[in-house]
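Asker: sequence and predicted structure are below.
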Amino acid sequence: MFDRFKYKDFARRQLKSRLIIPSLIILSIVVLNFLIALPLPKSLLSFVEKFMNAPADERISLFNLLSKTDKLSLLIFYIVMLIVHFVTEFTQNAYFIKMTRTPENIPFKEFLFAFKKTPRALITGLWMYLWVFIWSFLITLGLIVAAFAVSVLLKFTGITGGFITIIPLIIFFGVLIPMIYKLLQYSFTFIIAAEFQKMRIRRCLQLSIIITKGHIKDLFILYLSFILWFIASFFTRGIIDMIFKPYLKLTLINACHALIMEACEAGIINSEEVQNEIQIQSASETDSE
């Protein structure tokens, strides 16, 4: 049974008297992102802010106003930011997973040690978002074809007006809803890849899909339960993230552990596979020490 209250309660207990280092980790990631953005000209930084706040239908025209050099600089910037996101997402999870295993303080160096797995982090991110892209492309293509067919049919039948004007809106929500579903399916991929660091990335994605089956609604509600935290993060310019992000990460890790255990007990996942991965990981950590 999916119990979001229990997972959040565990997270609060896990953070009790141990919030300083997790907060420093979140702060260090913010500083890293800031340092990456420093080489960008002020004009491009202001453009990024304007671009992100602009309506979707105006973004293409805004982007076309940029010079070729600025477009290239922006492309490189976003690629670097994506790489940093993949790596820091993996390293955060690796650190917070250790916090769930012991009541003791986990030193900051454990977060730094996780950067040794940068190639694994990059492959995890690329593999996961490749499938996100494939699904978004297929869904968008299917909806565009369907919308075109409907609009042609309506023209032949002489029906015009309101329905045709809302076709873009139908396409938007028709893509958004399935994509939220797929992202929730894949939401534990980074956690599983950081937990079982000898497991193949493809298998990590498969496990995330397996354990979230029948729990997509529960996961959506879990994320919604943090809505006030997200709002507070927006209005405090991310300052509250030093408390919020560790709380969110630990809650998701607790949920992932519970769903893996549930799947093992139901025979959906071979418990021996999980146990072997834990033993291999433990041996690997012992060797590295």
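Answerer: In hand now; what should we look at? Given the structure is predicted, the values throughout are model-derived calculations rather than measurements.

Asker: tell me which residues are up against stretch 76-85.
Answerer: Applying Cβ atoms under 8 Å, 6 or more residues apart in numbering, the contact partners of stretch 76-85 are 32-33, 36-37, 40, 44, 122, 125. Just so you know, the C-beta spots here come from the backbone N, C-alpha and C atoms, and that holds for glycine as well.

Asker: residue 46: which element?
Answerer: Residue 46 is part of helix 42-53 when elements are defined by DSSP states H and E.

Asker: pLDDT of that helix, averaged?
Answerer: Mean pLDDT, computed over helix 42-53, is 70.

Asker: ok, back up a step: buried ones among the contacts of stretch 76-85?
Answerer: Among these, those scoring as buried are 40, 44, 125 (criterion: 16 or more other Cβ atoms under 10 Å).

Asker: for the closest residue to the first one other than its chain neighbours, the count of nearby residues, please.
Answerer: It refers to residue 40. Excluding its sequence neighbours, the residue lying closest to residue 40 (Cβ to Cβ, 6 or more residues apart in numbering) is residue 77, at 6.0 Å. By other Cβ atoms under 10 Å, 17 other residues sit near residue 77.

Asker: would you mind measuring from residue 77 to residue 36?
Answerer: Noted for residue 77: a distance of 8 Å to residue 36, by Cβ to Cβ, to the nearest Å.

Asker: secondary structure element for residue 86?
Answerer: Assessed by DSSP H and E, residue 86 sits inside helix 68-101.

Asker: list the buried residues for that helix?
Answerer: Residues 70, 73-74, 77, 83, 86-99 are the ones in helix 68-101 that count as buried (16+ other Cβ under 10 Å).

Asker: how near is the residue positioned nearest the centre of the chain to residue 34?
Answerer: Nearest to the mean C-alpha position of the chain, by Cα atoms, centre = their mean, lies residue 187 at 6.1 Å. For residue 187, the distance to residue 34 (Cβ to Cβ) stands at 27 Å.

Asker: check residue 83 too.
Answerer: As judged by Cβ to Cβ, residue 83 and residue 34 stand 16 Å apart.

Asker: now, the most widely separated pair of the contacts of stretch 76-85?
Answerer: Greatest spatial distance in the contacts of stretch 76-85: 44 and 122, 25.0 Å, computed using Cβ to Cβ.

Asker: hang on, the earlier thing: got the contact list for the residue nearest to the centre of the chain?
Answerer: 208, 212, 219, 252.

Asker: what is the burial count for the nearest residue to residue 140 once chain neighbours are set aside?
Answerer: Excluding its sequence neighbours, the residue lying closest to residue 140 (Cβ to Cβ, 6+ apart) is residue 175, at 5.2 Å. Neighbour count of residue 175, defined by other Cβ under 10 Å: 19.

Asker: thought residue 175 was touching residue 143?
Answerer: Yes - Residue 175 is within contact range of residue 143, at 6.3 Å (criterion: Cβ atoms under 8 Å).

Asker: next, the buried residues of stretch 142-153.
Answerer: In terms of neighbour count (16+ other Cβ under 10 Å), stretch 142-153 has its buried residues at 143, 147.

Asker: distance from it to the middle of the chain?
Answerer: Computed by Cα atoms, centre = their mean, to the nearest Å, the chain-centroid distance of stretch 142-153 equals 32 Å.

Asker: what mean pLDDT does that stretch get?
Answerer: pLDDT averaged over stretch 142-153 gives 73.
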